[in-house]
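[1] Let's see this in three dimensions:
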Amino acid sequence: MTDFLVRHFIKNYERTGDAAVRTAYGNLAGIVCILCNLLLAGGKMAAGFLFGSISITADGLNNLSDASSNVVSLLGFRLASRPADEKHPYGHGRYEYLAGLVVAAMILMIGVELAKSSLDKILHPTPVEFSLLSAAVLVMSILIKLWMSAFNLRLGKLIHSGTLEATAADSRNDVISTSAVLAALVLGRLTGLELDGWMGMAVALFILYSGFGLMRETIDPLLGSAPDPQLAHHIRQKALSYPGVLGVHDLMIHDYGPGRQFASLHVEMPAEGDVLESHELIDTIERDFRAERLDVVIHYDPVVTHDEQLSQARQKVEEIVRERWDGKVTIHDFRMVPGKERINLIFDCVTPYGFEEDEKQVCREIRQAVAEWDKRYACVIRPEKDMAPEGEEQTTE
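    Numbers count the residues shown, from 1 in each chain. Model prediction:
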């Protein structure tokens with residue numbers, strides 16, 4: 001069914017990297033989910049009203065909130081697809097994150113109202129009439145939500161959309177909550193226990209939990225969350241794969257919405273090489289990244305490679321740092337400046353956020369270790385934080 005819908009309603013569906021095609025996938029997912037959720041909400045709310053079940057009504061309202069969420073998500077996809085303009089030169093991709101934030105707020109409001117209704121049902125229980133019709137509605141809901149979960153997960157992976165993958169997870173969670181309501185209905189029939197209000201409260205709490213989780217996930221990229229370590233690793237390794245590139249550092253990745261990342265980095269190249277050739281290579285690297293739909297700006301850092309004393313000192317400092325912190329701490333922009341009494345080794349020292357040692361303590365330990373190795377050298381260190389960690393060792397050869 002998913003393949004049928006994609007082939008018949010998305011033009012050029014195989015070009016998932018194209019912004020227009022990506023928007024078409026989002027539109028298809030939104031429309032399908034709106035129709036399914038409205039169908040389920042209508043059936044459950046009618047069954048809950050007819051047979052006096054607050055838990056079935058609560059589950060129907062949950063589907064109604066899902067439909068509202070799908071409307072907001074659909075609007076978010078449409079707004080995010082708008083091209084860049086004079087006031088927004090980086091595009092409108094963050095509308096997708098804002099849509100998720102609105103959806104989370106709506107889910108939380110519905111969860112609060114359902115909790116109030118369920119509490120009233122717990123304090124003032126009323127009999128719930130069991131019927132095969134209400135059970136059939138719940139079973140149908142479980143089957144449809146299972147398909148919706150698989151549908152959104154498939155589309156989300158095709159276009160690398162966290163929004164659709166989150167929608168898939170929400171549909172999967174709905175299967176769990178609806179199954180719980182069905183179980184309460186059957187157990188109430190078999191045992192005579194008044195479980196309807198309690199199960200409605202459980203569904204309400206589950207909705208609140210999902211809403212808080214969604215809000216946290218959508219706020220993070222708006223605040224500027226850490227970039228994907230796999231993306232950072234890919235950028236570093238791709239840059240290092242070009243002949244003449246000795247090292248990569250100061251990588252920064254900016255997120256302006258799904259599929260709209262911009263990056264800047266410094267590449268180290270031999271200072272003895274031809275400047276025009278180095279500049280041409282940097283232009284080539286930037287064009288190759290642009291072919292992957294990633295805009296990258298590269299700064300050229302010349303590294304002296306034919307000075308034996310400088311190379312020896314740099315290798316020794318790198319060895320000290322690597323052995324003491326197992327690759328979690330790195331150095332770059334290494335220079336040597338002779339002083340009146342001592343030789344200054346000037347470089348940047350990079351530590352990740354949340355590192356167990358204070359950056360000042362790290363610098364002190366490096367200075368002490370270098371002094372113990374050779375008293376001629378004095379380290380002048382500028383501490384930095386790694387803006388795009390990848391969790392793997394990175395050194396300058």
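[2] hey, let's count contacts and neighbours off CA atoms from now on
    OK.
[3] What segments of the stretch 1-150 of the chain are helices?
    2-9, 19-51, 54-80, 95-123, 132-159 (DSSP state H, counting those that start in this stretch).
[4] How far away from the center of its chain is the third one?
    In terms of CA atoms, centre = their mean, to the nearest Å, the centre of helix 54-80 is set 22 Å apart from its chain centre.
[5] pLDDT (mean, whole number) over that helix?
    The average of the pLDDT scores along helix 54-80 is 79.
[6] Low-confidence ranges, the stretch 151-300 of the chain, go.
    Along the stretch 151-300 of the chain, the model assigns pLDDT under 70 to residues 162, 259.
[7] quick one, helices of it?
    Under DSSP H, counting those that start in this stretch, the stretch 151-300 of the chain gives helices at 162-191, 196-223, 229-240, 275-291.
[8] what helices or strands is the first one leaning on?
    Helices and strands touching helix 162-191, as assessed by 3 or more CA pairs under 8 Å, 6 or more residues apart in numbering; DSSP states H and E, comprise helix 54-80, helix 132-159, helix 196-223.
[9] Highest mean neighbour count out of the ones you listed?
    helix 54-80 (a mean of 25; mean count of other CA atoms under 10 Å).
[10] and the angle for it with helix 95-123?
    For helix 54-80 against helix 95-123, the angle by axes from the mean of the first three to the mean of the last three CA atoms, to 10 degrees is 170 degrees.
[11] Read off the pLDDT value for the nearest residue to residue 174 once chain neighbours are set aside.
    Of all residues not flanking residue 174 in the chain, residue 145 sits nearest, at 6.9 Å (CA to CA, 6 or more residues apart in numbering). Looking at residue 145, its pLDDT stands at 90.
[12] so where's the stretch 1-150 of the chain shaky on pLDDT?
    17, 126-130.
[13] Next, residue 338: phi, psi?
    Phi and psi for residue 338, reported as degrees, to the nearest 10, are phi -70, psi 130.
[14] I'd say it and residue 376 touch.
    No - with contact defined as CA atoms under 8 Å, residue 338 does not reach residue 376; the gap is 9.9 Å.
[15] can you tell me which of the helices of the stretch 1-150 of the chain comes nearest to residue 331?
    Closest of those to residue 331 is helix 95-123, at 35.4 Å (criterion: CA to CA).
[16] roughly how far is that closest one from the heart of the chain?
    23 Å.
[17] Which strands or helices does it pack on?
    Helices and strands touching helix 95-123, by 3+ CA pairs under 8 Å, 6+ apart, are helix 54-80, helix 196-223.
[18] From the contact counts, what lies against the longest one?
    What that stands for is helix 196-223. Taking 3+ CA pairs under 8 Å, 6+ apart as the contact cut, helix 196-223 packs with helix 54-80, helix 95-123, helix 162-191.
[19] One more: the first one?
    Taking 3+ CA pairs under 8 Å, 6+ apart as contact, the helices and strands that helix 54-80 lies on are helix 19-51, helix 95-123, helix 162-191, helix 196-223.
[20] now those as CSV including distance to residue 261?
    Formatted as CSV, those follow (distance: least, CA to CA, whole Å):
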stretch, distance to residue 261
helix 19-51, 13
helix 95-123, 14
helix 162-191, 14
helix 196-223, 12
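[21] among the ones you listed, which is nearest residue 277?
    helix 19-51 (34.2 Å).
[22] The closest one: which residues count as buried?
    Of all the residues in helix 19-51, those buried under the rule 16 or more other CA atoms under 10 Å are 19-30, 32-34, 36-48, 51.
[23] ok, now stretch 268-284?
    Across stretch 268-284, burial judged by 16+ other CA under 10 Å covers 268, 269, 270, 278, 281, 282.
[24] Would you mind giving the helices and strands packed on helix 95-123 as CSV with distance to residue 293 added?
    Below are the helices and strands packed on helix 95-123 laid out as CSV (distance: least, CA to CA, whole Å):
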stretch, distance to residue 293
helix 54-80, 16
helix 196-223, 19
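[25] wait, which of those is closest to residue 254?
    Among those, the nearest to residue 254 by CA to CA is helix 196-223 (9.8 Å).
[26] Tell me what angle that closest one forms with helix 95-123.
    Using the same axes, to 10 degrees: helix 196-223 against helix 95-123 is 160 degrees.
[27] still on that earlier bit, okay if I get the helices and strands packed on helix 162-191 as TSV plus distance to residue 384?
    Shown next, in TSV, are the helices and strands packed on helix 162-191 (distance: least, CA to CA, whole Å):
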stretch	distance to residue 384
helix 54-80	34
helix 132-159	35
helix 196-223	21
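[28] closest to residue 9 out of the ones you listed?
    helix 132-159 (13.1 Å).
[29] which other helices and strands contact the closest one?
    Using 3+ CA pairs under 8 Å, 6+ apart, helix 132-159 is in contact with helix 19-51, helix 162-191.
[30] quick one: buried residues of the shortest one?
    Spelled out, it's helix 162-191. For helix 162-191, using 16+ other CA under 10 Å, the buried residues are 162-182, 184-185, 188-189.
[31] Stretch 332-348 now?
    332, 333, 334, 335, 336, 344, 345, 346, 347, 348.
[32] which among the residues you listed gets closest to residue 219?
    Nearest member of these to residue 219, counting by CA to CA, is residue 348, at 32.1 Å.
[33] Is that closest one in a helix, a strand, or coil?
    strand (DSSP: H, G, I helix; E, B strand; the rest coil).
[34] isn't it right up against residue 329?
    No - the pair residue 348 / residue 329 is not scored as a contact, 10.5 Å apart, by CA under 8 Å.
[35] And the helices and strands packed on helix 95-123: which comes nearest residue 244?
    Comparing those by CA to CA, helix 196-223 comes nearest, at 34.9 Å.
[36] tilt between that closest one and helix 162-191?
    Going by the same axes, to 10 degrees, helix 196-223 makes 170 degrees with helix 162-191.
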